[in-house]
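Enquirer: Let me see the structure of the following:
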Amino acid sequence: MKYLIDSWVSEIIAISMIAMAGPVAYAQSSSDMNAVLFVDSALIQQQTLITEINEALYYSPTLQSQLHVQVIDINPDGHVFNGALDYSYDKSGEWVAKYRPGKLPYLICLRGDKTTFRQELYQASEIRECVTKG
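Expert: Numbers count the residues shown, from 1 in each chain. Now for the predicted structure:
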C-alpha cells in the first residue's frame, strides 16, 4: 500500500513539474521577437482567434522558441485565459495608449523595443508574420 501511495505522489509531482516547466521554458525563450495582439474578447470571432493562436503555439515548439506572444484584451469583463499565450487585460487603457492599435484584432510585431510590422489580424496563421517579416 505504501508503494502505491509513494508512486502516486511521485507521479503527481512529476506532472506538476512538467506543467510548470512549459510556461517557464516558454517565457525564457532566447528570441527577442515579440508579438503584441490586441483583441476584444467580447466578440466570439476574436475569442476563436485567440484559441487558434494558442493551439498553434502549443503544438509548435519551434514557433514558441521564435516568438513570444502577448495578448492584450480590451474587454473589461474578459474571462481568465490559461495557455501558451501571455494574456493580459488593458482595463486602464495603458497598452492601447502606448501602442495605438488599429481595428481589432490588431497585431504589432517587435524586435526588442522596435516595431517591425503592424497589421489587422484575420487568421491565426498570420501571427507567423512577426517571424518572417521581423
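Enquirer: mean confidence score for stretch 105-115?
Expert: When pLDDT is averaged over stretch 105-115, the result is 95.
Enquirer: which SS class is the residue lying closest to Gln47 once chain neighbours are set aside?
Expert: Nearest in space to Gln47, with sequence neighbours left out and distances taken as C-beta to C-beta, 6 or more residues apart in numbering, is Ser41 at 5.4 Å. Just so you know, the C-beta spots here come from the backbone N, C-alpha and C atoms, and that holds for glycine as well. Following DSSP: H, G, I helix; E, B strand; the rest coil, Ser41 is assigned to coil.
Enquirer: mind giving me the domain ranges of the chain?
Expert: Residue ranges of the domains in the chain are recorded as 1-29, 31-133, according to automatic domain parsing.
Enquirer: out of the ones you listed, deepest packed?
Expert: Among the domains of the chain, judged by mean count of other C-beta atoms under 10 Å, the one packed with the most neighbours on average is domain 31-133 (a mean of 16).
Enquirer: quick one on the thing from earlier: tell me the confidence at the residue nearest to Gln47?
Expert: In the prediction, the pLDDT value recorded for Ser41 is 95.
Enquirer: Next up, the contacts around it.
Expert: If a contact means C-beta atoms under 8 Å, 6 or more residues apart in numbering, then Ser41 has 47, 50, 73, 75, 78-79, 81 as its contacts.
Enquirer: just curious, which of these is nearest to Phe117?
Expert: Distances from those to Phe117 were compared by C-beta to C-beta; the smallest belongs to Ile50, at 19.4 Å.
Enquirer: The helix or strand hosting the closest one: what's the following helix or strand?
Expert: Using DSSP states H and E, Ile50 maps to helix 44-59. Read in the C-terminal direction, the helix or strand following helix 44-59 is helix 61-66, with elements assigned using DSSP H and E.
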